[in-house]
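Trainee: Predicted model and sequence below, questions to follow.
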Amino acid sequence: MLLRILLFLFLQIGFGISYVNAKAILYSVSDLVASMEKLYELEVVQYTDSFLIGQRLTTGEEVRLNALSRKWNQGLNEQLPPDHPARKSWEGKWPEVGEKVWVMQSQYSVFLFARKYEGGWRFWDPRSIPFANTVFQLPNHPHYKPTAICMEESLYQDNDYFTCHDGFLLHIDEFTRLKNACAALP
């Protein structure tokens, strides 16, 4: 009996610590764009327990991206009722095998996916999870636009910027400029 109590306490303390240490990550979109190292189109080939394995469309190079949060996020989303508002969000969503998406890689192993969406490009973080989600700080600039969910649920907005957990929209001209700038990188 004492062993069960100790095990129970150990597990409670362990889970408590993990939830206490979990936190939102704030990214300045301007800083992400400024620190961008790569922007490329990728076809998703397969998932392993730990990685998304894809192929760069321009070079044929194999790419491996950390996908440890994928199964956890899928399990969480499957538990939500069909009409739950979180099902509309793109945070924590991974592209399907065979799908072609764009990948923006910045310093510090940050990567975001992008799809063409509503006349621009829709970026989101697939690794965002509910108790440790990604929050994007978008400058109030014509190149950047908050998502519909962000407009409904914005954590903070003023004349200078929005904060959004669901990703952001990038104007097509700015995406083209970034793509050309990345093509010029060594």
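Mentor: Sure, I can see it.
Trainee: can we go C-alpha only for contacts and neighbour counts from here?
Mentor: Fine.
Trainee: Could you find the closest non-adjacent residue to Glu62?
Mentor: Gln55 (4.6 Å; C-alpha to C-alpha, 6 or more residues apart in numbering).
Trainee: Distance check, that neighbour against Ser69.
Mentor: Distance, Gln55 to Ser69, using C-alpha to C-alpha, to the nearest Å: 20 Å.
Trainee: got it, and His165?
Mentor: For His165, the distance to Ser69 equals 16 Å [C-alpha to C-alpha].
Trainee: So those two - more neighbours on which side?
Mentor: Between His165 and Ser69, His165 has the larger neighbour count (other C-alpha atoms under 10 Å), namely 27 against 18.
Trainee: any idea how far Arg64 is from the more buried one?
Mentor: Shown here: His165 relative to Arg64, a distance of 25 Å by C-alpha to C-alpha.
Trainee: now do Phe51
Mentor: Per C-alpha to C-alpha, Phe51 is found 6 Å from Arg64.
Trainee: And for Val101?
Mentor: From Val101 over to Arg64 the distance is 14 Å, taken as C-alpha to C-alpha.
Trainee: out of those two, which sits in the busier spot?
Mentor: The residue with more neighbours, out of Val101 and Arg64, is Val101; 19 against 16, by other C-alpha under 10 Å.
Trainee: Hmm, Phe113 and the more buried one touching each other?
Mentor: Yes. Val101 lies in contact with Phe113 (C-alpha atoms under 8 Å); the separation is 6.4 Å.
Trainee: Show me the helices in the chain, by range?
Mentor: Here the chain has its helices, by DSSP state H, at 2-21, 29-34, 70-79, 148-153, 172-183.
Trainee: Go through these and find the least confident stretch.
Mentor: Out of those, helix 2-21 stands lowest, with a mean of 38 (criterion: mean pLDDT).
Trainee: buried ones in the strand of greatest length in the chain?
Mentor: For the chain, the strand with the greatest residue count under DSSP state E is strand 36-47. Within strand 36-47, the residues that count as buried by 16 or more other C-alpha atoms under 10 Å are 36, 38-45, 47.
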